[in-house]
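**Q** sharing a sequence plus its predicted fold:
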Amino acid sequence: MRILLVEDTHDVADAIVASFGRRGDAVDHALTRVAADDLLALQRYDVIILDINLPDGNGLSLLADQRRQGVTTPILMLTARLEVDDRVAALDRGADDYLVKPFDLRELEARVRALARRAQRDPSEGSTITYADLEVDIAGRVVTLGGQPINLTRREFGVLEALLINRGRVISKEQIFERIFSFDQGDVGLNAVEIYVARLRKKLDGGEVSIKTLRGLGYQLFASQ
C-alpha cells in the first residue's frame, strides 16, 4: 500500500512513517501543503493521512480541493482539535475518517487499512481473501496455502497483496513498485520487483495459485483449479 502523509510535526511524522514502514507499506511524507500538492501531481495513493493544521495553510482546503477535482482516494484527517464542529466540517468536506491527537499508532494503522480495503475491494469481502487454496488475512498479514502457513517478508506480502487485489487482471511492474517503495527510496530500481516476485513465486510453488509473467505487460495472479 502507498500512503501520503501530510504532517508538519516531525516526531509524529517519523513515528507514523516508521510504523507503516515496518509493515512494508510505502509512505511519502510532505511537511507542507505545497509539498503535498507536488506529490499528488506525480503519484496516486491508496490512502492520504492529512493533518488539519499546516504551516502554509489548512488541511481542510487541500481535502476540499481533492474532492472538487474528483479524487476519491480515502482521506483520514489528523487533528488536535476536540470541538465537534471541526470534526463535522472535515467529514462534510469529504473526509472518510479522522483521529484526534494524541492517538495510538495501532488504531491509526487499523483505520488506514479499513479505508484501503473499502476502496480497493468488493464490499462483500472482509479482511480475509480466499483464492483457490490461498487464504490471505490482509489485516493480520497471515497467509496460508493449502491450509499450511507460509512466511512472507513485508515486501513479499506487499507484492502478494497487490496481485491479489488485482487478481484476474494484469498489473505492471511499475504499479507494483509504486505500492511497495516510496520516493525516498530512489536508489531502488524496478528490478527489485522481479526479485520479490521470484521469491514469492517460489513460496507459492506446489499450490493452486501461481504468478504468470506477461512479457512487456507485467504480472498476473491466476488459479489453476
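**A** On my side now, so go ahead.

**Q** which residues of the protein fall in strands?
**A** 2-6, 26-30, 47-51, 53-54, 57-58, 75-79, 97-100, 128-131, 134-137, 142-145, 148-149, 209-214, 218-223 (DSSP state E).

**Q** neighbours around Gln148, how many?
**A** Burial measure for Gln148: 10 neighbouring residues, criterion other CB atoms under 10 Å. C-betas here are computed from N, CA, C, even on glycine.

**Q** residue ranges with poor pLDDT in the chain?
**A** Applying pLDDT under 70 to the chain flags the ranges 81-83, 120-127, 184-188, 225.

**Q** the domain parsing of it - what is it?
**A** 2-120, 128-223 (automatic domain parsing).

**Q** quote the end-to-end distance of the last one.
**A** Distances were taken as CA to CA, to the nearest Å; on that basis the terminal residues of domain 128-223 are 17 Å apart.

**Q** ditto for stretch 214-221
**A** By CA to CA, the extent of stretch 214-221 from end to end equals 11 Å.

**Q** which outside residues touch it?
**A** Residues outside stretch 214-221 that contact it (CB atoms under 8 Å, 6 or more residues apart in numbering): 131, 163-164, 166-173, 175-176, 197, 209-213.

**Q** in the protein, which helix has the most residues?
**A** helix 105-120 (DSSP state H).

**Q** which parts of that helix are buried?
**A** Neighbour-count burial for helix 105-120, counted by 16 or more other CB atoms under 10 Å, picks out Leu108, Glu109, Arg111, Val112, Arg113, Ala114, Leu115, Ala116, Arg117, Gln120.

**Q** now, which of those residues sits nearest Ile75?
**A** Leu115 (8.3 Å; CB to CB).

**Q** show me the contacts for the nearest residue to that closest one once chain neighbours are set aside.
**A** Using CB to CB, 6 or more residues apart in numbering and skipping residues adjacent in sequence, the residue nearest Leu115 is Pro74, 3.7 Å away. Contacts for Pro74 (CB under 8 Å, 6+ apart) come out as Asp46, Val47, Ile48, Asp96, Asp97, Leu115, Ala116, Arg118, Ala119.

**Q** then Ile138?
**A** Arg113, Arg117, Ser127, Thr128, Ile129, Glu161.

**Q** export those residues to TSV and append columns for distance to Arg68.
**A** Below are the contacts of Ile138 laid out as TSV (distance: CB to CB, whole Å):
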residue	distance to Arg68
Arg113	27
Arg117	26
Ser127	32
Thr128	36
Ile129	34
Glu161	31
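
**Q** about what we covered before: the longest helix of the chain to strand 75-79, inter-axis angle?
**A** 150 degrees (axes from the mean of the first three to the mean of the last three CA atoms, to 10 degrees).

**Q** using PDB, write out every CA atom in helix 105-120.
**A** Provided in PDB are the C-alpha atoms of helix 105-120 (Å, rounded to 0.1, in the frame of the first residue of the first chain):
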ATOM      1  CA  LEU A 105      -0.400   4.100  16.200                       C
ATOM      2  CA  ARG A 106      -2.200   0.700  16.200                       C
ATOM      3  CA  GLU A 107      -5.500   2.500  15.800                       C
ATOM      4  CA  LEU A 108      -4.200   4.600  13.000                       C
ATOM      5  CA  GLU A 109      -2.900   1.500  11.200                       C
ATOM      6  CA  ALA A 110      -6.300  -0.200  11.600                       C
ATOM      7  CA  ARG A 111      -8.300   2.700  10.400                       C
ATOM      8  CA  VAL A 112      -6.000   3.200   7.300                       C
ATOM      9  CA  ARG A 113      -6.200  -0.500   6.500                       C
ATOM     10  CA  ALA A 114     -10.000  -0.400   6.800                       C
ATOM     11  CA  LEU A 115     -10.200   2.600   4.400                       C
ATOM     12  CA  ALA A 116      -7.900   0.900   1.900                       C
ATOM     13  CA  ARG A 117      -9.900  -2.300   2.000                       C
ATOM     14  CA  ARG A 118     -13.200  -0.400   1.300                       C
ATOM     15  CA  ALA A 119     -11.700   1.500  -1.600                       C
ATOM     16  CA  GLN A 120      -9.900  -1.400  -3.300                       C
END
